[in-house]
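In: got a sequence here, can you model it:
(2 chains)
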Amino acid sequence: GAVVSQHPSRVICKSGTSVKIECRSLDFQATTMFWYRQFPKKSLMLMATSNEGSKATYEQGVEKDKFLINHASLTLSTLTVTSAHPEDSSFYICSADRLAGGEYEQYFGPGTRLTVT
Amino acid sequence: SQQGEEDPQALSIQEGENATMNCSYKTSINNLQWYRQNSGRGLVHLILIRSNEREKHSGRLRVTLDTSKKSSSLLITASRAADTASYFCATDAIGANSKLTFGKGITLSVRP
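Out: Take a look at the predicted model:
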């Protein structure tokens, strides 16, 4: 159980276009999902917390108008990178919070590799 | 230095040896978690240890937590080539609303 999927796994887009990445919790409901960004050989950097039915909470330095997050249901959150530029190329990973044994554990998706040309 | 720093940053061992990785953090925590990441893939949750726990086992994994020193260690016994990956510790700080703070990670290479 506790499977999180992401789609697409890889995407290449041209500079100036927008890209949408989906994060789904397949066998549990998640009121909270998280979006991370990871540069090569680096750690995960939290971008924003996605809350079902309300606005996302962005971390300091993350542009909310550039990285649009929508959490329309308890199993789906989307991240849209708007007007993408080459510096947005990165590995984007989502996670979903699941209550287990009285504590919330985060289950991670497989990641989406974005390349902006 | 940032919350959740691991050391060493890179570790290379022979198959069959034990691998010990350490993590230090700065704030008070609800729990500390260890994750594994194969190159270019997502994270796999390995083990969670709560702030009131001192040691936890899961298969070949042994995790310790010393809240007085704000440190944790992950021991992988009888390592295998398939254990080659990056390992991250992540802390769930008190008052952080489940947000995890990740360390920089340790690259483990197990030579066959």
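In: which residues in the chain form strands?
Out: No chain specified, so I'll use chain A. When secondary structure is read from DSSP state E, chain A shows strands at A:4-7, A:10-13, A:19-25, A:32-38, A:44-51, A:57-58, A:67-73, A:76-81, A:90-100, A:103-108, A:112-116.
In: looking at chain B here, not the other one
Out: Secondary structure of chain B by DSSP E: the strands cover B:5-7, B:10-14, B:19-24, B:29-37, B:43-50, B:55-58, B:61-66, B:71-76, B:85-93, B:100-102, B:106-111.
In: from the chain's centroid, how far away is stretch B:63-76?
Out: Relative to its parent chain, stretch B:63-76 has a centroid offset of 9 Å by C-alpha atoms, centre = their mean, to the nearest Å.
In: so what's the residue count around B:Gly95?
Out: 8 (other C-beta atoms under 10 Å in any protein chain shown). To be clear about C-beta, it is placed using only N, CA and C from the backbone, and glycine gets the same treatment.
In: do the same with the one 10 residues further on
Out: Taking other C-beta under 10 Å as the neighbour definition, B:Gly105 ends up with a count of 25.
In: comparing the strands of chain B by mean pLDDT, which bottoms out?
Out: When the strands of chain B are compared by mean pLDDT, strand B:5-7 comes last with a mean of 72.
In: need the residues of chain A near chain B, please.
Out: For chain A, the contact set with chain B under C-beta under 8 Å from any C-beta of the partner chain comprises A:6, A:32, A:34, A:41-44, A:46, A:49, A:91, A:93, A:95, A:97, A:103-111, A:113.
In: for chain B, what lies in contact range of chain A?
Out: By the rule C-beta under 8 Å from any C-beta, the part of chain B lying against chain A is B:30-31, B:33, B:35, B:40-45, B:48, B:50, B:88, B:92, B:97-105, B:107.
In: and the residues you listed, which are buried?
Out: Buried by 16 or more other C-beta atoms under 10 Å in any protein chain shown: B:30-31, B:33, B:35, B:41-43, B:45, B:48, B:50, B:88, B:92, B:98-105, B:107, out of the residues of chain B next to chain A.
In: dump the strands of chain A to TSV, plus mean neighbour count and mean pLDDT.
Out: Conversion of the strands of chain A to TSV gives the following (neighbours: other C-beta atoms under 10 Å in any protein chain shown; pLDDT from 0 to 100):
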stretch	mean neighbour count	mean pLDDT
strand A:4-7	18	96
strand A:10-13	14	96
strand A:19-25	21	97
strand A:32-38	24	95
strand A:44-51	21	93
strand A:57-58	17	94
strand A:67-73	17	92
strand A:76-81	22	96
strand A:90-100	22	91
strand A:103-108	20	84
strand A:112-116	19	97
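In: in CSV: those strands, plus distance to B:Ser68.
Out: Converted to CSV, the strands of chain A look like this (distance: least, C-beta to C-beta, whole Å):
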stretch, distance to B:Ser68
strand A:4-7, 35
strand A:10-13, 45
strand A:19-25, 36
strand A:32-38, 29
strand A:44-51, 27
strand A:57-58, 32
strand A:67-73, 38
strand A:76-81, 38
strand A:90-100, 27
strand A:103-108, 22
strand A:112-116, 40
